[in-house]
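**Student:** Pasting a predicted model and its sequence here:
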Amino acid sequence: MSASRRRGTLADDLKSLSEAEVLALHRDWQVWARDDQLPPSATADGRPWRVWLILGGRGAGKTRAGAEWVRAKALGLAPMADAPAKRIALVGETLAEVRRVMVEGVSGLLAVHEAGERPLFEPTKLQLTWPNGTVAQMFSAGGTPSDRSVVAAIRDLKQRGLKVTLTPFILMDVAHGNALPDPYGGAAQAAYPWRGRITCHPAPGEAGSPDQTADAGLQVTAFVGTASASDFEIAGDEVSYAGPAEWSYRRMVLHLANLAVAAGGVDTFVIGSELRGLTWVRDAPGSYPFVEALQELAADVRAVVGPATKVIYAADWSEYFGHQPADGSGDVYFHLDPLWASADIDAIGIDCYWPLADWRDGRGQPTATLR
C-alpha cells in the first residue's frame with residue numbers, strides 16, 4: 001500500500017483486488033498499524049526484548065495495539081508469533097478495568113477478533129478461551145487475588161515439593177485524604193494503615209470508647225459475622241457461598257479454608273495475623289470477645305481442612321504474650337491463653353522480624369562493603 005501511494009495508483013490497485021483479498025487486507029493489522037503500534041523486533045543492541053512500553057495519551061491506540069498483539073500471540077500469527085501461545089496473562093489495575101477496557105472495550109480483545117476466531121469470554125472464571133485452546137487469564141495488579149489464582153498457586157507449590165502455608169491477609173485500602181472517622185481520634189484515618197489498628201470505635205483509651213462494655217462486644221460481633229462452615233460448597237476448583245449476606249471476617253477465612261481443600265490441601269492454615277487492636281478489645285473486665293471468636297473460628301476451620309493441616313493464629317510480637325492496658329492500672333492479662341490452649345490450635349504463632357545479621361553502619365565496619 002505504501003508503494004501504491006507513492007506511485008499514485010492506490011485506488012486502481014485496490015480495485016484490482018478480489019473481495020476476499022480486500023477483506024484480508026482490511027483485517028491485517030500489520031497494514032493499518034502505525035510503526036509505534038507494532039512490537040519492536042529486538043532491543044537497541046539486538047537482543048530479544050522482554051518489556052514493550054507504549055507511552056501515549058488518550059486515543060493514541062494503546063489498547064488496540066495491545067489487543068492485536070495478544071490476538072497474534074493467541075492465534076500464532078506471524079511475524080508476532082511462531083505458534084499459538086498456551087497461556088496469556090491480562091493484567092490491569094483492577095479486574096473491572098481489565099474487563100471494561102482490555103476485553104470488552106471498543107478496541108478490546110472481543111472487538112479485534114472475527115467471529116470464527118473470537119475467544120469465549122467466561123466472566124465468572126475470569127478467562128478467555130480461543131477455539132485453538134489458548135487461554136488468557138485476567139488478573140488485578142492489586143487487591144484480592146482471584147480464587148483460581150490461589151488454587152493454581154497452591155497446586156504449583158505442592159507440585160514442586162514445597163510445603164504450603166495459606167494466610168488470609170487483611171490489607172487496609174484506605175487512601176490518603178480520606179474523611180473516614182478515626183477510632184484513634186484523628187481528623188481522618190491513617191493512609192493504608194496496619195491491620196493491627198482495627199479496633200472498636202472509639203478505640204480503647206479514647207474518650208467515649210465502648211471498651212469493657214457490651215457495645216464493644218457488638219462491634220466485634222459485627223466484624224466477625226455469622227457465616228458458618230456449612231454455608232460453603234466446593235465444586236471442582238470453585239467455592240460457592242449460600243449464607244448470610246455479609247462480607248465478614250468469618251466468611252473470608254472460611255472461604256479460603258475451602259479454597260485450600262479445593263486445591264488439594266495445605267500444610268498450615270493461619271486464621272489471622274497481628275489483629276492486636278481486636279484481641280485487646282473487652283466487652284467486660286477481663287473478657288475478650290474477639291479471642292473467643294478466634295477459638296470458634298479455629299474449630300470451624302479445623303472441621304473444613306481436616307486434621308492433617310496445622311491451624312494457627314499469628315499474633316503480633318507485641319500481642320502474643322498478653323495485654324497490658326494503657327490505663328495506669330499496671331494490670332497484665334494473658335488474654336490469648338485460651339486460644340493457645342485450644343485443641344484446634346497447633347502452635348503459638350508469633351509474627352516478628354528478627355535481624356538476619358549484625359549490621360552496623362559506618363566506615364571500618366565489616367558491613368561497609370556490602371550493598
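**Tutor:** Yep, it's here.
**Student:** When you work out contacts or count neighbours from here on, use the C-alpha atoms and nothing else.
**Tutor:** Noted.
**Student:** Next one: the closest residue to L256 other than its chain neighbours relative to P145, how far apart?
**Tutor:** Closest residue to L256 apart from its sequence neighbours, by Cα to Cα, 6 or more residues apart in numbering: P168 at 7.0 Å. Distance, P168 to P145, by Cα to Cα, to the nearest Å: 11 Å.
**Student:** Specify which residue of those two has the higher count of neighbours.
**Tutor:** P168 (18 against 12; other Cα atoms under 10 Å).
**Student:** give the contact list for the more buried one.
**Tutor:** 252-253, 256, 270-272 (Cα atoms under 8 Å, 6 or more residues apart in numbering).
**Student:** looking at this, the residue nearest to L256 is in a strand?
**Tutor:** No. Using DSSP: H, G, I helix; E, B strand; the rest coil, the assignment for P168 is coil, not a strand.
**Student:** count of residues packed around the closest residue to V98 other than its chain neighbours?
**Tutor:** Computed as Cα to Cα, 6+ apart, the closest residue to V98 that is not its neighbour in sequence is G92, at 5.2 Å. With neighbours defined by other Cα under 10 Å, the count for G92 comes to 17.
**Student:** correct me, but G92 touches V103?
**Tutor:** No. If you go by Cα atoms under 8 Å, G92 and V103 don't touch, sitting 10.9 Å apart.
**Student:** what sits against the residue nearest to V98?
**Tutor:** By Cα under 8 Å, 6+ apart, the neighbours of G92 are 98, 139-141.
**Student:** Point out where the stretch 1-150 of the chain drops to low pLDDT.
**Tutor:** Flagging of the stretch 1-150 of the chain using pLDDT under 70 yields the residue ranges 1-5.
**Student:** quick one, helices of it?
**Tutor:** Assigned by DSSP state H, counting those that start in this stretch, the helices in the stretch 1-150 of the chain fall at 2-7, 10-15, 19-27, 29-32, 62-75, 95-97, 109-112, 147-159.
**Student:** just the stretch 151-300 of the chain next, same as before
**Tutor:** 214-224, 249-262, 276-279, 289-305.
**Student:** Out of the ones you listed, which gets nearest to R64?
**Tutor:** Closest to R64 of the helices of the stretch 151-300 of the chain is helix 249-262 (Cα to Cα; 35.9 Å).
**Student:** Show me the contact partners of that closest one.
**Tutor:** Residues contacting helix 249-262 (Cα under 8 Å, 6+ apart): 147, 150-151, 154, 166, 168, 223-229, 232-239, 266, 269, 271, 297, 300-301, 304-305.
**Student:** Can you give the distance from that helix to the centre of its chain?
**Tutor:** 15 Å (Cα atoms, centre = their mean, to the nearest Å).
**Student:** Stretch 345-356 now?
**Tutor:** Worked out by Cα atoms, centre = their mean, stretch 345-356 lies 24 Å from the chain centre.
**Student:** What is the end-to-end distance of that stretch?
**Tutor:** 28 Å.
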